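>>> got a sequence here, can you model it:
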Amino acid sequence: MNRLLMTAAGSALVAMLQIPAAHAADYDMILSMQVTDPDSPIYQAFEYMEKEITERSDGRINAKLFGGGALGGDREVAESIALGDVQLTTMSTSPLVPFVKQLAVFDIPYVFPADPVMQQEVLLNSDFSEGLKQYMEPSGFRLAGFFNIGFRQLTTSSVPVRSVEDIEAAKLRIRVQENPYHIEMWSLLGAAPTPIAYTELYGALQQGVVDGQENPYLNILSGKFYEVQDYLTETNHILLANLILMDNAWYQTLPADLQEVVDGVLDDAIEHQWAAQNDALSKQRAELAEYMEIIELTPEALAEFQERTAPMIDQIREDVGDDIVDGLLNAIDQAQSNN
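The predicted structure follows:
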């Protein structure tokens with residue numbers, strides 16, 4: 001077992017992998033996620049995958065789930081996938097930009113349609129999503145699909161944000177992921193972007209290290225950020241497309257029948273997660289409204305957010321190329337014309 005996994009998981013993981021030889025599976029499959037909330041559609045999807053992969057493979061694959069960031073943050077788990085220590089995870093595209101630069105296309109603000117049916121068509125059933133796989137495999141990743149998390153929203157502790165000017169005037173320290181495009185976007189909006197790991201975010205908000213953060217409703221709830229934030233501004237700036245990331249080398253070692261098992265379980269989990277998340281969206285917003293003031297931007301204020309961040313598309317196009325950017329824009333156009 002690679003030292004990185006042992007360091008991340010500790011003795012608990014080692015103990016759980018001590019399977020008696022008489023019952024040893026042909027393949028071990030470690031599943032990792034950051035989510036801790038059992039009510040989250042992501043959490044439920046991973047529990048489903050753990051159970052179904054083991055059962056549908058008749059025990060030939062021993063799937064074990066480690067949640068709540070037990071194996072490290074997004075970057076550490078991505079490295080573990082590439083090294084073969086972890087076989088499956090889900091994360092937003094942003095932490096993977098250092099590994100696969102083309103994923104920066106998802107950091108273009110205000111590009112995805114609001115309709116989840118169109119989002120699903122772009123992310124799961126388009127030439128664009130199929131073409132993404134060629135960029136992932138050289139880094140050891142297999143793109144196995146996308147979960148639906150929703151749009152990122154801005155939360156703050158003491159400053160209600162109703163306009164870009166509110167951000168600029170307070171020079172708000174906004175937690176961002178370790179991603180140059182997120183840093184640039186919030187800089188364009190007049191903030192002081194501050195990269196902090198997701199697993200450290202609650203403490204940073206509680207201690208006032210940062211004034212705010214940006215995440216979808218689901219993550220704000222599961223992370224309990226509403227306990228240390230007073231306001232939620234519905235900026236809807238970036239769709240958090242959570243990709244499902246698999247260890248490609250491990251997948252290729254599976255015989256065809258077990259590949260079919262894994263693919264089938266993932267397809268079912270994706271379908272269930274999208275449906276559950278779409279159904280839960282209004283409930284998530286209502287629950288947050290019990291703890292926070294939710295601010296809806298006026299059309300004029302939203303237009304200013306869009307105008308300020310518009311230079312991002314040219315920057316990303318320059319960095320990752322026309323093909324990937326035009327591929328996304330064309331897929332969105334196609335989805336809109338189909339619906």
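
>>> give me the buried positions along the longest helix seen in the chain.
When the chain is parsed with DSSP state H, its longest helix is helix 256-289. Across helix 256-289, burial judged by 16 or more other Cβ atoms under 10 Å covers 258, 261-262, 265-266, 269-270, 273-274, 276-278, 280-281, 284-285, 288. (Each C-beta comes from the backbone N, C-alpha and C, glycine too.)

>>> how about stretch 319-339?
320, 324-325, 327-329, 331-332, 334-335.

>>> ranges for the helices of the protein?
Going by DSSP H, the chain shows helices at 3-16, 41-56, 74-83, 116-124, 127-136, 164-170, 180-188, 201-206, 217-222, 248-253, 256-289, 299-309, 311-320, 322-338.

>>> out of the helices and strands in this structure, which is least certain?
Of all the helices and strands that make up the chain, helix 3-16 has the lowest average by mean pLDDT, DSSP states H and E, namely a mean of 41.

>>> got phi/psi on P255?
phi -70, psi 160 (degrees, to the nearest 10).

>>> that older thread, what's the angle from the longest helix of the chain to helix 116-124?
Relative orientation of helix 256-289 versus helix 116-124 (axes from the mean of the first three to the mean of the last three Cα atoms, to 10 degrees): 140 degrees.

>>> got the angle for helix 256-289 vs helix 41-56?
160 degrees.

>>> helix 256-289: how far from the chain's middle?
Taking Cα atoms, centre = their mean, to the nearest Å, one finds the center of helix 256-289 at 13 Å from the center of the full chain.

>>> list the helices and strands it packs on?
helix 41-56, strand 61-66, helix 116-124, strand 141-151, helix 217-222 (3 or more Cβ pairs under 8 Å, 6 or more residues apart in numbering; DSSP states H and E).

>>> swap in 7 Å and give it another go.
For helix 256-289, the contact count by 3 or more Cβ pairs under 7 Å, 6 or more residues apart in numbering; DSSP states H and E identifies helix 41-56, strand 141-151, helix 217-222 as packing neighbours.

>>> for it, the averaged confidence score.
Averaged across helix 256-289, the pLDDT comes to 95.

>>> okay, angle between it and strand 141-151 too, please.
Going by the same axes, to 10 degrees, helix 256-289 makes 20 degrees with strand 141-151.

>>> so helix 256-289 versus strand 61-66, what angle?
Going by the same axes, to 10 degrees, helix 256-289 makes 20 degrees with strand 61-66.

>>> quick check: which of the helices of the chain is nearest to T93?
Among these, the nearest to T93 by Cβ to Cβ is helix 127-136 (9.4 Å).

>>> can you point out the buried residues in that closest one?
Quick answer for helix 127-136 (16+ other Cβ under 10 Å): 128-129, 132, 135-136.

>>> possible to save these as TSV with pLDDT?
As requested, the buried residues of helix 127-136 are exported to TSV (pLDDT from 0 to 100):
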residue	pLDDT
F128	96
S129	94
L132	94
Y135	94
M136	94
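
>>> so which of the residues you listed comes closest to P216?
Closest to P216, out of all of the buried residues of helix 127-136 and judged by Cβ to Cβ, is S129, at 19.8 Å.

>>> specify which member of the buried residues of stretch 319-339 is nearest to L232.
For the buried residues of stretch 319-339, the nearest to L232 is I332 (26.2 Å; Cβ to Cβ).

>>> from what I can see that closest one touches E121, true?
No: contact between I332 and E121 fails when scored by Cβ atoms under 7 Å: they sit 9.1 Å apart.

>>> just give the number of residues close to Q252.
By the measure other Cβ atoms under 10 Å, the count of residues near Q252 is 10.

>>> for P299, same thing?
P299: 7 neighbours (other Cβ under 10 Å).

>>> what's the answer for Y291, then?
16.

>>> ditto for L65
Here the count is done by other Cβ under 10 Å, and L65 has 17 residues near it.

>>> can you tell me the centre-most residue of this structure?
S92 (2.4 Å; Cα atoms, centre = their mean).

>>> and that residue, what pLDDT?
S92 is given a pLDDT of 89.

>>> any idea what it is bridged to?
Beta bridges link S92 to N242 when assigned by DSSP bridges.

>>> now for it: which residues touch it?
240-242 (Cβ atoms under 7 Å, 6 or more residues apart in numbering).

>>> fine, thanks again, bye for now.
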